[in-house]
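*Asks:* Any chance you could fold what I've pasted below:
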Amino acid sequence: MNTTKIVDVAAAVLMRNDGTVLLASRPEGKGWAGWWEFPGGKIEVGESPIEALRRELDEELGIEVETAYPWLVRTFDYPEKTVKLHFFIVRAWAGNPEGREGQQLSWQNPFNLTVSPMLPANAPILNALKLPDIYAISNAHEMGEERFLEALRQRLFSGLKLVQIREKNLAPDALLDFSKIVVGLAHQHGARVLINGDVALVKAAGADGLHLSSAALASIKTKPEDMMVAASCHHAQDLALAAELALDFVLLSPVLPTLSHPEVTTLGWQAFADLKRDYPLPVYALGGMSPQHLEPAWRSGAHGIAMQRAVWE
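*Replies:* Here you go, the predicted model:
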């Protein structure tokens, strides 16, 4: 890391209901002119990140922030300085964004950018924005396979985009057969599937990625290549390991009391937010979650929520 000059920056992901986000080009006269980035600017002495965000969006875009949630904090080394980017998801604002500093603006779909070049620091941010709000965990061992698959079909039809297969009771051959069915259904709807297992099973089933338990996370040295990789985390050490491996996202649990582990002490939202603060990877809240918990999860810095039961009801 370039430690000679670290600049704290507040950055905004203005997000419309259709999932498109606002990008701005850097105007002539500024470094990296013509490159595209998320709106925002330097955090001044005495300002909090959210205060800087509100000021910068007023100055740059002429809008007033109404609803903003803390999201990712990532550090990036440019040749001339190191920047620490405090990203917020801005979901509501007053006014229409306009380029007050001569910058071009463009609403973009993270899956299909039509502007370039992007500032190098933003590549991981765009990948994170491709993750949906909901991460669904399979529950065939409780529901029965037929009932679960019908619930899966219904949720995929209504927009579910990310599923974890977690069926530890199944024998290897049965798990592979089950996984192939889930992957086939998901891919018909443009959804992605991660398997709680091993790389060989992921490849054999044609899945999109691997989900690591906290024990598996502690035992690997490098991130498996050519697939999404996520992990279950329960404390700061887990989170640090996942960040060091540059995983795609993590689950942090248990936030609230859960049927799966009724004896385990829960984090609660405050401890979740404390662990999540200044963290570079997207985090899903897990444990006692239902759709009504999405808002408190966002307020606590989560990317979204993960559910094993309520999502299938």
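*Asks:* can you list the weak-confidence ranges in the stretch 51-200 of the chain?
*Replies:* Across the stretch 51-200 of the chain, nothing is flagged by pLDDT under 70.
*Asks:* Where do the strands of it begin and end?
*Replies:* For the stretch 51-200 of the chain, strands defined by DSSP state E, counting those that start in this stretch occupy the ranges 64-77, 82-94, 105-108, 134-137, 162-165, 192-196.
*Asks:* Show me what the second one is packed against.
*Replies:* It refers to strand 82-94. strand 6-14, helix 49-61, strand 64-77 (3 or more Cβ pairs under 8 Å, 6 or more residues apart in numbering; DSSP states H and E). Placement of C-beta: from N, CA and C, glycine included.
*Asks:* Recalculate using a threshold of 10 Å.
*Replies:* Applying 3 or more Cβ pairs under 10 Å, 6 or more residues apart in numbering; DSSP states H and E, one finds that strand 82-94 contacts strand 6-14, strand 21-25, strand 40-42, helix 49-61, strand 64-77, helix 123-128.
*Asks:* just so I know, which of these lies nearest residue 102?
*Replies:* strand 21-25 (9.2 Å; Cβ to Cβ).
*Asks:* Could you list every helix and strand in contact with that closest one?
*Replies:* Checking 3+ Cβ pairs under 10 Å, 6+ apart, strand 21-25 ends up next to strand 6-14, strand 36-37, helix 49-61, strand 82-94, strand 105-108, helix 123-128.
*Asks:* quick check, distance from that strand to the centre of its chain.
*Replies:* Mean-position distance between strand 21-25 and its chain equals 19 Å (Cα atoms, centre = their mean, to the nearest Å).
*Asks:* the inter-axis angle of that strand versus strand 82-94?
*Replies:* 120 degrees (axes from the mean of the first three to the mean of the last three Cα atoms, to 10 degrees).
*Asks:* Give me the buried stretch members for strand 21-25, please.
*Replies:* Neighbour-count burial for strand 21-25 flags 21, 22, 23, 24, 25 (criterion: 16 or more other Cβ atoms under 10 Å).
*Asks:* With stretch 172-192 instead?
*Replies:* Neighbour counts over stretch 172-192 (16+ other Cβ under 10 Å) mark 175, 176, 178, 179, 182, 183, 185, 186, 191, 192 as buried.
*Asks:* quick one: average pLDDT of stretch 298-313?
*Replies:* Stretch 298-313 carries an average pLDDT of 97.
*Asks:* tell me, what residue is most central in the chain?
*Replies:* In the chain, the C-alpha nearest the mean C-alpha coordinate belongs to residue 282, at 3.3 Å (Cα atoms, centre = their mean).
*Asks:* Nearest residue to residue 142 in space, please, no chain neighbours.
*Replies:* Using Cβ to Cβ, 6 or more residues apart in numbering and skipping residues adjacent in sequence, the residue nearest residue 142 is residue 309, 7.6 Å away.
*Asks:* what's the spacing between the one you found and residue 291?
*Replies:* Separation of residue 309 from residue 291 (Cβ to Cβ, to the nearest Å): 12 Å.
*Asks:* Have a look at the two and say which one is more surrounded.
*Replies:* When neighbours are counted by other Cβ atoms under 10 Å, residue 309 and residue 291 differ, and residue 309 comes out ahead with 16 against 13.
*Asks:* My guess is the more buried one contacts residue 143. True?
*Replies:* Yes - look at residue 309 against residue 143 with Cβ atoms under 10 Å: they come within range, at 8.9 Å.
*Asks:* so what secondary structure elements neighbour the longest helix that the chain contains?
*Replies:* The longest helix of the chain (DSSP state H) is helix 172-188. Judged by 3+ Cβ pairs under 10 Å, 6+ apart, helix 172-188 is in contact with helix 145-157, strand 162-165, strand 192-196, helix 199-205.
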